[in-house]
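Participant: task: produce atomic coordinates for the following.
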Amino acid sequence: MRFAIMGSGGVGGYFGARLAAAGEEVTFIARGEHLAAIRRDGLRVSSIQGDVTIAPASATDDPATVGVVDCVLVAVKAWQVHAAAEAIQPMVGPHTVVVPLENGVEAADTLAGVLGKEPVIDGLCGILAWREGPGHIRHAGVDPFVRFGERDNRASERTARLKAAFDRAEGVSAEVPDDIQTGVWSKFLFICAMSGIGSITRAPIGETRALPETRALIERILAEIEAVARARGVALPGDAVSRAMKFIDALPPESTASMQRDIMAGRPSELESQNGAVVRLGRQYGVATPVNAVIHAVLLPQERKARENA
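Facilitator: Predicted coordinates:
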């Protein structure tokens, strides 16, 4: 298959490299020093699942030069999804499938609003990875997985073909779940709670989950997200919150969320797509979200300043 990776940081760089190593035709969309390093030296992934280097690697900062592809993996920051959707239009043909691998729950809607409903399926991934330097991705935690499916949960040839491509790649597990919305919101539970608590405490997850006061706060964040999901009609399992907490407890103690790292560095973050989305959707569905509202309000002044300076 021909893949384009829109956003070649920790998520896109890792999964794109694994697909390329398995023989798929992959083009990385990147910018600046990262793009220059990939073109010069290839893309290097240092991983607890085994290192891999893709050299030479196909990379560009102009999606219009790539041509139509079979699949676009969208792995930009959640606040960049709309701009990414506009940029990838030249790569989307009648049979192209577009898969968001985002931390929020609204990316597929955003993509469909620009590209139309037909090319867009829903998706999510799990991995603890980041861009360590130009041309270099570091995977430090979580057994990497991708899950994707048609938005109406029907079986389709294109999702089966995509799964087969990921099944050929080492260091990745792929699944087409029975209910993709349940999968997306199950991930959102833990990543939003981890992002929120980490962003306001500036502490790694090992510290916040061990301290009774902050552990209780994590549990309250999770409970609010669960209530919003159920009000929205998402069929979360009865033990969704305890599952999310178990996942958080299993993370390496030094783990931080990408939103937390961006906020600590003074960069624009996914605040509006994570804790902000909980507050916004809570209002829409009549669900109180006081803890997420405080997190959002406390971080909003810094977020606005970071956007102004970006």
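
Participant: which residues does Asp51 contact?
Facilitator: Contacts for Asp51 (Cβ atoms under 8 Å, 6 or more residues apart in numbering) come out as Arg44, Val45. Glycine gets a C-beta too; all of them are placed from N, C-alpha and C.

Participant: again with Ser156
Facilitator: Neighbours of Ser156 in contact, by Cβ under 8 Å, 6+ apart: Glu150.

Participant: distance of it relative to Val234?
Facilitator: Counting by Cβ to Cβ, to the nearest Å, the gap from Ser156 to Val234 is 21 Å.

Participant: mind listing the strands for this structure?
Facilitator: For the chain, applying DSSP state E gives strands covering 2-6, 25-29, 43-47, 52-54, 58-60, 71-74, 97-100, 122-133, 136-149, 173-175.

Participant: would you map the helices across this structure?
Facilitator: 10-21, 32-41, 81-87, 107-115, 157-167, 180-201, 205-210, 212-231, 240-250, 258-264, 275-285, 290-309 (DSSP state H).

Participant: does anything pack onto the second one? Which helices or strands?
Facilitator: Packing contacts for helix 32-41, counted by 3 or more Cβ pairs under 8 Å, 6 or more residues apart in numbering; DSSP states H and E, involve strand 58-60.

Participant: please report phi then psi for Arg31.
Facilitator: phi -140, psi 160 (degrees, to the nearest 10).

Participant: ok, for it, nearest residue in space, not its chain neighbours?
Facilitator: Asp61 (5.1 Å; Cβ to Cβ, 6 or more residues apart in numbering).

Participant: I'd say that neighbour and Ala30 touch.
Facilitator: Yes - counting by Cβ atoms under 8 Å, Asp61 does reach Ala30; the two are 6.5 Å apart.

Participant: if you count what's nearby, which of those two comes out ahead?
Facilitator: Ala30 (27 against 14; other Cβ atoms under 10 Å).

Participant: correct me, but the more buried one touches Ala59?
Facilitator: Yes - in this structure Ala30 lies within contact range of Ala59 using Cβ under 8 Å: 5.5 Å.

Participant: tally of neighbours for Ile197?
Facilitator: Residues near Ile197, counting by other Cβ under 10 Å: 26.
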